[in-house]
Structures are given as C-alpha cells and as structure tokens.
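# Give me coordinates for this.
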Amino acid sequence: MKHRVVITGMGVCAPNGIGLKAFSDAIFSGKSGIKFHQKLADLNFGCQIAGQPEIPEGMLENYFTALQLRDLQSSGIEYGMIAGVDAWTDAGLAPTDKDTVDYDSGIVFGVSLLGAEKFRSAIYLTDEGKVRRLGSTSVVQTMASGISAYLGGYLGCGNQVTTNSSACTTGLESVLMGYERVSNGDAVRMLVGSCNDSGPYIWGGFDAMRVLTKKYNEDPEAGSRPMQEDANGFVPGAGAGALVLETLESAQQRGAKIYAEILGGAVNSGGQRNGGTMTAPNSEAVQHCIKTAVKNAGVSATEIDTINGHLTSTGMCPTEIANWSEALELKGEDFPYINSLKSMTGHCLAAAGSIETVATILELEEGRVFGNINSAHIHPEILERVAQGKVLTQTIDMPVKVAAKASFGFGDVNCCMIFKKFE
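The predicted structure is shown next:
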C-alpha cells in the first residue's frame, strides 16, 4: 500500500532571504540577493557578482555548540543546518532527547562540494608537515555526508540518514528520494534538501569554463537573466533549502500544518547521447522525464498551473522551454505560467533545486505566482512557443492548484516533481 505524502515543514537559507518569512517577502516582491564581491575581483574573476546568504552575527549559535563553531569553515554546513533545523521546527517537531533515537524519521540532504575552505586549510597544513594541527573536524566538514551527519546528530534521526549528489539536480532529487521512502512505508517522515558552499574555491571552476556572466559587475542585480535574449551566462550562488515530508496519516494525527501534497515525480539521465553531453541536455531524455513525472503524478498537462524551471540564464533557456512545450504538448496561451528563481538568487548549484522547491510550495500556499525580474527582453525563440504573458514580470495573485518543478544537471541528469495544494 502506497502512502500519500505531504509537506509539513520548510526552511530556507537563500541569498535573498534567510527564513521563510524573509524569503517569501523577497520572492513575491522581486528582491534580488545578488551582489558584487570584492574578493572575486581581487582574485581576477571575470564574474565578480554572486548570490550568497548573509548570516546575521550570532545566528549560528542557535544551531551549533560552541565547540562545533570553534573551527567551522564549511559555509554549506552552516546553510544546511539553518534550513534543515528550521524546517524541522516549522513542522512542529523537536530533536529527541539524548537517550532516544527516532527510527521513524530519516534524512536525505544533498551536496556537490562541501567544506572547500576547510579542505584548503587542511592541504596547506599537511604540506607543511603539520598534520596534527588539522583538528578533529576536518573529516566531517569535508566529507560529502557531513551535512546529513550534522543534522542527524542534532535531531536524533534513526531512519536512513544519507547524502545524494547529482550536480544541479541534487536538491530536487533529494525530494524525490525522500518522497519514495515515505510513500513506500520505509519511513514516517524524511527531512530532505540540499546545500552548497559559497566562495571562490567553489565558483572558480565555472568562471574558468566561461559559463558565468561578465557583463554586470557594476550592476549585480541585473546579472541573472533567465529566458532573456541578452542572457550571457549564469550568476553563481549558494545556500540551502529543506522540507519535511511525511505520511498524510502522521501529519493528520499530529495536527500538523500541511503545505502541499507531493503527487509524484521522475528522475533519469540522457546518457550523454543524442546531443547530451557533460554540460548539455539530451532533449529527448528531458522530455521523457517530464512526461513520466506527469504520468506518475496522475494529472494531465493542462492541470499544471505553473512551472518553476531550471532556467539558468544561459543560451540553453530556449531549449528548456521547447522541451517543456513538447513534453506537455502545450503552446501559446495554453502553456502554464513559468518562472525562474535564479533571476533573484543566481544559480545556487546543488542547493538550487531545494531552494526553488520551497519557492514553488510557497506559491501553492499563498496563492501567488512570483514574477521573473530582468525580463524585458524575452528570447524570440521562447515567444515562438509561449505567450509573452506566461513569462511573468511581476507577481500575480492566482489560486495555484498544481505546480511542476524541474532541475537539470551536469552529467545530463534530470529530475521533475509535481506538487498539489492539499485538499
């Protein structure tokens, strides 16, 4: 017997807002979190702007012990703990006491690279023959599963506690993985999400690939331009998003607030064939993923009110729109509203899918669809497929019943999820 799965808690640490209230206010008002970073300029980056959460002084003391903070250098773990613990609290849950393990609850929290700053300092100390000065947290701060381990220990979760990593698909894939575990009855609830470090050691490789914009160093908020004719590269970002997934039975028994229901999803790979490469999608596979997600969700394409796309602000945006149109068999005015949070946050890499999923659920919760900023010059190839009014330039009030979210990542990997307002 499959269980219905609902979302009962959310947390977010994003470039344009930390905490649900600040983040919601930001996305619906069109507030950007992209700023100029002098350190990137000093290091001769072509792209000197980025989206990075600004953690207020003293906030981390609410999530870490004094001992943990003493040599904490992993920004991704900081972001992930804020988002994850906040989601747990938002769901009306609390950490277990020190002698209790919660075997009904688990964690899937994804990353791409973690602890780059810590790893850098560890390399220097090792090369200098000072291995004994590395400290006791070098391993946990740099291992991929460091974030799920920190969260698991804080909350006392005894079900599966793990980390996934699938490039830019990571965050949304974690949602699908947690959904399947709860739906299959292997867990009562799962904390899912993802995080990504910030800083030059994370963003440098993308700058070297020349996939980042270099034209907006003096106008940072205008730099991320998804679906626009003048888009010339993405803006790097960082942060974390988290959601608590739970069986409907458990949520109702607890009297928990229910944000939305997960109807289903799909994940696949294009195999780097038929036009797909390490960095470009196999369109056939993308369309197959979308179609499978819609089929698994048990809805028709015409029921989808809005799409939160991957849409990174590169030359691939028209291709993505074409794939959505082909997969859903919808064009023009029949196409759903479509937006990209990356216009306000930049591309938060492994954290993108989870942060953007939180934004999608807020649309269902609040009955509003957030607008895309920097949207004055929509790419003409997109307008051949989609009516201009479907690419919103400002937030509109609209009762959203069904929403789609997709992420596509390096390695030609894809994930799509369908969510519904709970009734």
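# what about Leu243, which helix or strand?
strand 239-247 (DSSP states H and E).
# actually Leu125, not the one I wrote
Per DSSP H and E: Leu125 is located in helix 116-127.
# contacts for stretch 359-369?
7, 10, 20, 23-24, 27-28, 243, 259-260, 305-306, 308, 337, 339, 341, 370, 392, 395-401, 403, 405, 419-421 (C-beta atoms under 8 Å, 6 or more residues apart in numbering). In short, each C-beta sits where N, CA and C put it, glycine included.
# what's the average pLDDT for that stretch?
Here stretch 359-369 scores 98 as its mean pLDDT.
# which ones among the contacts of stretch 359-369 are found in strands?
Using DSSP state E, the subset of the contacts of stretch 359-369 located in strands is 7, 10, 243, 260, 306, 308, 337, 339, 396-397, 403, 405, 419-420.
# Looking at the residues you listed, which one is closest to Ala231?
Taking C-beta to C-beta as the measure, Ala231 lies nearest Asn339 of these, at 14.8 Å.
# For the closest one, give me its contacts.
Contacts of Asn339 (C-beta under 8 Å, 6+ apart): 306-309, 369-372, 391-392.
# what do you get for Pro236?
47, 50-51, 202-203, 206, 212, 346-347, 349.
# again, only this time at 6 Å
Counting by C-beta atoms under 6 Å, 6 or more residues apart in numbering, Pro236 touches 50, 203, 206, 346.
# The third one: neighbouring residues, count only.
I take that to be Phe206. If you count neighbours by other C-beta atoms under 10 Å, Phe206 ends up with 17.
# Ignoring the adjacent residues along the chain, who's closest to it?
Spatial nearest neighbour of Phe206, chain neighbours left out: Leu212 (5.4 Å); criterion: C-beta to C-beta, 6 or more residues apart in numbering.
# What distance do you get for that neighbour to Ile361?
The gap separating Leu212 from Ile361 is 29 Å, by C-beta to C-beta, to the nearest Å.
# Which one's more surrounded, these two?
Leu212 (27 against 24).
# quick one, phi/psi of that one?
phi -100, psi 150 (degrees, to the nearest 10).
# Same question for Asn232.
Torsion angles, degrees, to the nearest 10, at Asn232: phi -140, psi 20.
# And for Ala293?
Note on Ala293: its backbone torsions stand at phi -60, psi -40 [degrees, to the nearest 10].
# which SS state does the residue sitting furthest away from the middle of the chain fall under?
Note on the chain: the largest separation between a C-alpha and the mean C-alpha position, by C-alpha atoms, centre = their mean, falls on Gly129 (39.0 Å). Secondary structure state of Gly129, per DSSP: H, G, I helix; E, B strand; the rest coil, is coil.
# Quick check: can you list the domain ranges of the protein?
The chain breaks down into these structural domains: 5-254, 265-420 (assignment by automatic domain parsing).
# First-to-last residue distance for the last one?
It refers to domain 265-420. In domain 265-420, first residue to last residue: 12 Å (C-alpha to C-alpha, to the nearest Å).
# cool, and stretch 123-131?
Stretch 123-131: ends 9 Å apart by C-alpha to C-alpha.
# Go ahead and measure how far that stretch is from the middle of the chain.
Stretch 123-131 has its C-alpha centroid displaced from the chain centroid by 35 Å (C-alpha atoms, centre = their mean, to the nearest Å).
# Same question for it: list its buried residues.
By neighbour count with 16 or more other C-beta atoms under 10 Å, stretch 123-131 contains the buried residues Leu125.
# if we can go back for a sec, what helices or strands is the helix holding Leu125 leaning on?
For helix 116-127, the packing partners by 3 or more C-beta pairs under 6 Å, 6 or more residues apart in numbering; DSSP states H and E come out as helix 138-142.
# which residues sit against the helix or strand that the helix it packs on is followed by?
Per DSSP H and E, helix 138-142 leads on to helix 146-155 as the next helix or strand towards the C-terminus. Helix 146-155 is touched from outside by 77, 80-81, 84, 88, 95, 107, 109, 111, 114, 140, 161-163, 195, with contacts defined as C-beta under 6 Å, 6+ apart.
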